[in-house]
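1. Pasting the sequence and the predicted model now:
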Amino acid sequence: QVQLVESGGGLVQTGDSLRLSCAASGVTINSYAMGWFRQAPGKERELVAAIGWSGRNTYYADSVKGRSTISRDNAKNTVFLQMNILKPEDTAVYYCAAGWSTGWDGGFRTKYWGQGTQVTVSS
């Protein structure tokens, strides 16, 4: 059974940092690109960052570019999203995904989803 388990979310203040983790089991992530999506209340789920299997290719949404870093440790089957200078508009449920990038311009096809972790940024 494939599981992607996110952790590291929580309630923080504007300007704080968080590091989200996604631990995979039942699947070897080095076969996949990995992504972090987020969904705020009343909004569609959006891709915020993605990373290729080797770590060489990355994508960041404009909304998080310069404030976030996606990384992966294939040996530990884990993906991370470091988010800095958090803003209230970053408040959302963050989901880990395994799949394929369709060109590193924001396209991502997901095969597996995590259950999500809530990030709330207070003003």
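-> It's in. Numbers count the residues shown, from 1 in each chain.
2. Identify the residues contacting stretch 101-114?
-> 2-6, 22, 24, 27, 32-33, 35, 37, 47, 50, 52, 57-59, 61, 95-100 (Cβ atoms under 8 Å, 6 or more residues apart in numbering). For glycine as for every other residue, the C-beta is placed from the backbone atoms N, C-alpha and C.
3. are any of those residues buried, and which?
-> 4, 6, 22, 24, 27, 32-33, 35, 37, 47, 50, 52, 58-59, 61, 95-100 (16 or more other Cβ atoms under 10 Å).
4. Inside strands: which ones of the residues you listed?
-> Cross-referencing the buried ones among the contacts of stretch 101-114 against strands under DSSP state E gives 4, 6, 22, 24, 33, 35, 37, 47, 50, 58-59, 95-100.
5. okay but residue 89 is in contact with residue 63, surely?
-> Yes - the criterion here is Cβ atoms under 8 Å, and residue 89 meets it with residue 63 at 7.5 Å.
6. Overlap in contacts, these two.
-> By Cβ under 8 Å, 6+ apart, no residue touches both residue 89 and residue 63.
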